[in-house]
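Colleague: Sequence plus predicted model, see below.
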Amino acid sequence: MLEDQVWCLFYRMGYPELNGARFKVKYTRQDGSSSEKQIDVFAKDDETVIVVECKSRETRGRRTLQKDLHETESLQKPIATAIRQHYGSQFKPKILWAYVTNNIIWSEPDLERAGSINVRVITEK
């Protein structure tokens, strides 16, 4: 439900290109192997691409996001490269990374880690 709410938000903001259900980006790792990563919400306009990871809990409480943030950090460059390759060399977007969370109390270390890897944190508040 959170993914749908975030998708609708970007739709209402007028982003002309949004992902469909179970959207995956194929990328190449530094070692040359290929893989793919599901992107919860992908929004693109003429200048920006927004890549959103959605995380939620049934009831409000703490949840460590250290593993998720580490994965995001390790995939930022390969996914950015895949996006640029897909849209061509003339498209040089600003790529924004965001975590949208619901009912999750972020720890200080996780907030610091998100900031250090340029991931914006958006909570239900």
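Modeller: Yep, that arrived.

Colleague: Give me the most central residue, this protein.
Modeller: residue 52 (2.7 Å; Cα atoms, centre = their mean).

Colleague: Bridge partners for that residue, pull those for me.
Modeller: residue 41, residue 98 (DSSP bridges).

Colleague: chain center to the longest helix seen in the chain, what's the gap?
Modeller: Longest helix in the chain, counting residues (DSSP state H): helix 66-87. How far helix 66-87 lies from its chain's middle: 9 Å, per Cα atoms, centre = their mean, to the nearest Å.

Colleague: Same question for it: list its buried residues.
Modeller: Judged by neighbour count using 16 or more other Cβ atoms under 10 Å, the buried positions of helix 66-87 are 68, 69, 72, 73, 75, 76, 78, 79, 80, 82, 83, 84. Where C-beta positions appear, they are placed from N, C-alpha and C, glycine not excepted.

Colleague: Quick check: which helices or strands does it pack against?
Modeller: In terms of contacts (3 or more Cβ pairs under 8 Å, 6 or more residues apart in numbering; DSSP states H and E), helix 66-87 is packed against strand 24-28, strand 48-62, strand 94-105, helix 108-116.

Colleague: If we ignore the residues flanking it in sequence, what's nearest residue 82?
Modeller: Spatial nearest neighbour of residue 82, chain neighbours left out: residue 27 (4.2 Å); criterion: Cβ to Cβ, 6 or more residues apart in numbering.
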